[in-house]
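Student: The sequence isn't on hand, but the structure is:
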Ligand code: SF4
Ligand code: SF4
């Protein structure tokens with residue numbers, strides 16, 4: 001156990017031991033058996049004979065303090081005051097007394113937190129920060145996730161998929177999203193609109209030029225003021241110039257869309273990690289419920305559930321049936337833009353640190 005002092009460096013992953021449930025800290029690295037008694041519950045037994053049940057529930061991630069206090073009260077009552085949050089905004093309670101598992105599930109369900117998200121279910125969606133924490137989102141990832149998970153409630157609380165399904169939502173297409181079985185990603189479709197009156201005062205022009213992955217930005221003199229110009233034929237509408245130069249506005253209520261990619265995973269169990277690939281694009285960025293996104297995701301999930309073999313992840317299923325069958329079975333329209341293996345990327349992407357004009 002490490003002691004936190006006033007000069008603790010508060011960057012990087014913190015030491016987990018001081019926050020860990022004492023029974024888990026005691027048996028760290030000495031677990032000998034685990035199973036999955038029911039959706040939302042994992043059971044672990046240690047060499048010492050100690051037992052622990054982990055009960056997982058979904059949350060809406062952005063929570064008011066009443067909700068946080070409610071979750072903390074439940075932890076005090078059932079789990080010795082210990083909880084942990086997963087990267088997908090699930091909350092996990094560790095219970096050392098098996099007789100408390102069902103009452104805990106009831107308390108969570110009665111309080112509006114569905115219990116599930118384990119094994120071959122659809123777990124909560126990993127999502128990026130959205131409007132609350134970031135300055136460049138094209139949509140509110142948290143809102144899209146809440147709306148979609150309301151629609152996928154049954155798939156969260158039941159384990160009926162061929163294998164686990166990990167979803168993600170990214171509110172821009174360049175930064176913190178990750179690989180997922182199904183990923184929902186903002187897609188800008190028009191080059192940025194430049195406010196030339198502001199560029200000289202707000203933007204460091206060389207760094208903006210260097211940010212462009214296809215070298216489409218050049219310094220320019222506009223109306224006698226130093227500014228920038230974009231070669232719109234080269235621009236791939238990625239949005240990378242907007243964070244260092246907000247006068248290059250790329251968000252647009254009509255032309256910022258959502259795209260859906262499938263078949264990505266980080267795990268190397270059974271098959272190697274894979275990149276997800278584009279299967280639907282141009283979906284309207286339509287808050288507060290994003291219904292068009294929901295229709296496509298549900299269509300893909302229903303087809304995977306009906307056609308996938310036991311243990312096949314989304315990418316394994318698509319590898320077996322092939323991309324033409326994927327589009328036929330899901331009914332999604334296929335165009336030449338949808339499946340890109342990036343063979344041409346070496347020529348078109350800016351792969352060096354040199355600034356090119
Ligand atoms: S995905 Fe992009 S917009 Fe969203 S939080 Fe990350 S950096 Fe910000
Ligand atoms: S950084 Fe992206 S959006 Fe900006 S000009 Fe270059 S390609 Fe276009």
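Tutor: That came through fine. As the structure is a computational prediction, the values presented were derived from the model and not from experiment. Numbers count the residues shown, from 1 in each chain. Ligands and ions are numbered 1, 2, ... in the order given.
Student: And the strands in the protein, which stretches?
Tutor: Shown for the chain, the strands assigned by DSSP state E span residues 31-38, 41-46, 51-58, 83-85, 90-95, 126-127, 167-170, 182-188, 193-194, 217-222, 225-230, 248-249, 256-262, 277-284.
Student: As a markdown table, the ones you listed with mean pLDDT, distance to ligand 2 and mean neighbour count would be great.
Tutor: Glycine gets a C-beta too; all of them are placed from N, C-alpha and C. Formatted as a markdown table, these follow (pLDDT from 0 to 100; distance: least, Cβ to the nearest ligand atom, whole Å; neighbours: other Cβ atoms under 10 Å):
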| stretch | mean pLDDT | distance to ligand 2 | mean neighbour count |
| --- | --- | --- | --- |
| strand 31-38 | 97 | 44 | 12 |
| strand 41-46 | 98 | 43 | 18 |
| strand 51-58 | 98 | 35 | 22 |
| strand 83-85 | 95 | 34 | 15 |
| strand 90-95 | 97 | 34 | 22 |
| strand 126-127 | 90 | 23 | 24 |
| strand 167-170 | 94 | 16 | 26 |
| strand 182-188 | 94 | 7 | 25 |
| strand 193-194 | 96 | 10 | 16 |
| strand 217-222 | 95 | 5 | 16 |
| strand 225-230 | 95 | 5 | 17 |
| strand 248-249 | 96 | 6 | 18 |
| strand 256-262 | 95 | 12 | 22 |
| strand 277-284 | 93 | 16 | 18 |
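Student: Close to ligand 1: what parts of the stretch 151-300 of the chain are there?
Tutor: 170-172, 175-177 (Cβ under 6 Å from any ligand atom).
Student: could you dump those residues to CSV with distance to residue 280?
Tutor: Below are those laid out as CSV (distance: Cβ to Cβ, whole Å):
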residue, distance to residue 280
170, 15
171, 17
172, 18
175, 21
176, 22
177, 16
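Student: Please indicate which of the residues you listed are buried?
Tutor: With neighbours counted by 16 or more other Cβ atoms under 10 Å, these contain buried members at 170-172, 177.
Student: which one of those is nearest residue 184?
Tutor: Nearest to residue 184 among these is residue 170, at 7.4 Å by Cβ to Cβ.
Student: show me the contacts for residue 41.
Tutor: Counting by Cβ atoms under 8 Å, 6 or more residues apart in numbering, residue 41 touches 53-56, 101, 105, 115, 118.
Student: can you pull up the bridge partners for it?
Tutor: Counting by DSSP bridges, residue 41 is bridged to residue 38, residue 55.
Student: cool, and the one 4 residues further on?
Tutor: According to DSSP bridges, the residues that bridge with residue 45 are residue 33, residue 51.
Student: so it touches residue 35, yeah?
Tutor: No. Contact status for residue 45 versus residue 35: not in contact, 9.0 Å apart, counting by Cβ atoms under 8 Å.
Student: any low-confidence regions in the protein?
Tutor: By pLDDT under 70, the weakly predicted segments of the chain are 1-9, 339-357.
Student: again, only using 90
Tutor: Flagging of the chain using pLDDT under 90 yields the residue ranges 1-16, 60-63, 87, 128-144, 173-179, 213-214, 267, 269-271, 275, 335-357.
Student: Now do the contacts for the closest residue to residue 116 other than its chain neighbours.
Tutor: Excluding the flanking residues, the one nearest residue 116 by Cβ to Cβ, 6 or more residues apart in numbering is residue 157, at 3.9 Å. Shown in contact with residue 157 (Cβ under 8 Å, 6+ apart): 39-40, 114-116, 121.
Student: try residue 164
Tutor: With Cβ under 8 Å, 6+ apart, residue 164 has these contacts: 119-121, 123, 313.
Student: now with 10 Å?
Tutor: Contact analysis of residue 164 by Cβ atoms under 10 Å, 6 or more residues apart in numbering lists 117-123, 181, 265, 267, 269, 311, 313-314.
Student: Leaving aside the residues adjacent along the chain, what's closest to residue 330?
Tutor: In space, residue 330 is closest to residue 303, 4.7 Å off (Cβ to Cβ, 6+ apart).
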